[in-house]
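attaching a predicted model along with its sequence, questions to come.
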Amino acid sequence: MLLPLFEWLDGLRVGDWISTSSYAAPLINVMHIMALVILFGSLLIVDVRLLGRGMTQQPVARVARDARPWLIGALICMLLTGIPQVLSLPIREYYSPFFWMKMRLLLVTLIFTFTLRHKVTMADEARVGPIWGKVVGLVSIGLWTWIAVEGRLIGLLS
C-alpha cells in the first residue's frame with residue numbers, strides 16, 4: 001500500500017544527494033544521534049525521578065515541566081533529521097522490518113508519553129503512589145530504549 005510512496009521518494013534528487021554526499025548523510029546522522037541523546041536525557045531525568053531516585057528534592061511535576069522543552073525540541077530535531085535519513089534510502093527502509101517496528105513503537109510510545117506518562121508526572125505524587133510512578137518510569141525507559149535499538153538495527157541489518 002505504501003510502496004508507491006516509497007518508490008516516489010526513491011526518485012527524488014534530494015535522496016540521491018544525501019546518500020552520495022560526503023558530508024550530508026554523516027552530518028544528518030550525527031544530528032539525529034545528538035537529538036537522541038538529548039531526548040534520552042530529558043526522559044531519563046524524569047523517569048529516574050519516577051523511580052524514586054535522582055532529583056528527589058524536587059517534585060516529579062517540576063522535573064517533568066523543566067525537562068519538557070528539551071523533550072519536545074529533541075523530538076522535533078529527530079523528526080527533521082529522520083526524514084532525510086529515510087529519503088536517502090527509502091526502498092531499503094520500506095523493506096526493513098526494523099523500520100516498521102520502530103515506526104509502530106514510536107506511535108505507541110508517543111501516545112504513552114504524552115498521555116499516561118504526562119498524567120502521572122503531573123499528578124500529586126501522594127495520589128499516584130510510588131508503585132504506579134515506578135511502573136510508568138520503567139515502561140517509558142523500556143519503550144524508548146526499544147525504539148533506539150530498532151533504529152540501530154535498521155542501519156546494521158537492513
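Thanks, I have it.

show me the contact partners of the worst-scoring helix or strand of the chain on mean pLDDT.
In the chain, no helix or strand scores lower on mean pLDDT, DSSP states H and E than helix 125-128, which sits at a mean of 86. Defining contact as CB atoms under 8 Å, 6 or more residues apart in numbering, one finds that helix 125-128 is touched by Pro59, Val60, Val120, Gly133. Where you see a C-beta, it was placed from the backbone N, CA and C, and this is true even at glycine.

check stretch 45-56 too.
Under CB under 8 Å, 6+ apart, the answer for stretch 45-56 is 58, 60, 63-64, 67, 120-121, 130, 133-134, 136-138, 140-141.

that one: end-to-end distance?
11 Å (CA to CA, to the nearest Å).

distance from the chain centre to it, please.
19 Å (CA atoms, centre = their mean, to the nearest Å).

flag the shaky bits of the chain, pLDDT-wise.
Along the chain, no part satisfies pLDDT under 70.

most distant residue from the middle of it?
Ala126 (29.5 Å; CA atoms, centre = their mean).

how much space separates Ser21 from Tyr94?
22 Å (CB to CB, to the nearest Å).

between the two, who's got more neighbours?
Tyr94 (18 against 13; other CB atoms under 10 Å).

pretty sure the more buried one contacts Leu3?
Yes. Counting by CB atoms under 8 Å, Leu3 is a contact partner of Tyr94 at 6.3 Å.

give me the number of neighbouring residues for Arg104.
What Arg104 shows, counting by other CB under 10 Å, is a neighbour count of 12.

off-centre distance for the helix or strand harbouring it?
Assigning secondary structure by DSSP states H and E places Arg104 in helix 97-112. Centroid displacement of helix 97-112 relative to its chain, using CA atoms, centre = their mean, is 9 Å.

for the chain, just list every one of the helices.
3-10, 13-20, 24-50, 60-88, 90-94, 97-112, 118-122, 125-128, 130-157 (DSSP state H).

got the angle between the longest one and helix 13-20?
This points to helix 60-88. 100 degrees (axes from the mean of the first three to the mean of the last three CA atoms, to 10 degrees).

now helix 60-88: buried residues?
Neighbour-count burial for helix 60-88 flags 60-61, 63-64, 67, 71, 74-75, 77-78, 81-82, 84-88 (criterion: 16 or more other CB atoms under 10 Å).

just stretch 88-100 next, same as before
Quick answer for stretch 88-100 (16+ other CB under 10 Å): Ser88, Leu89, Pro90, Arg92, Glu93, Tyr94, Ser96, Phe98, Phe99.
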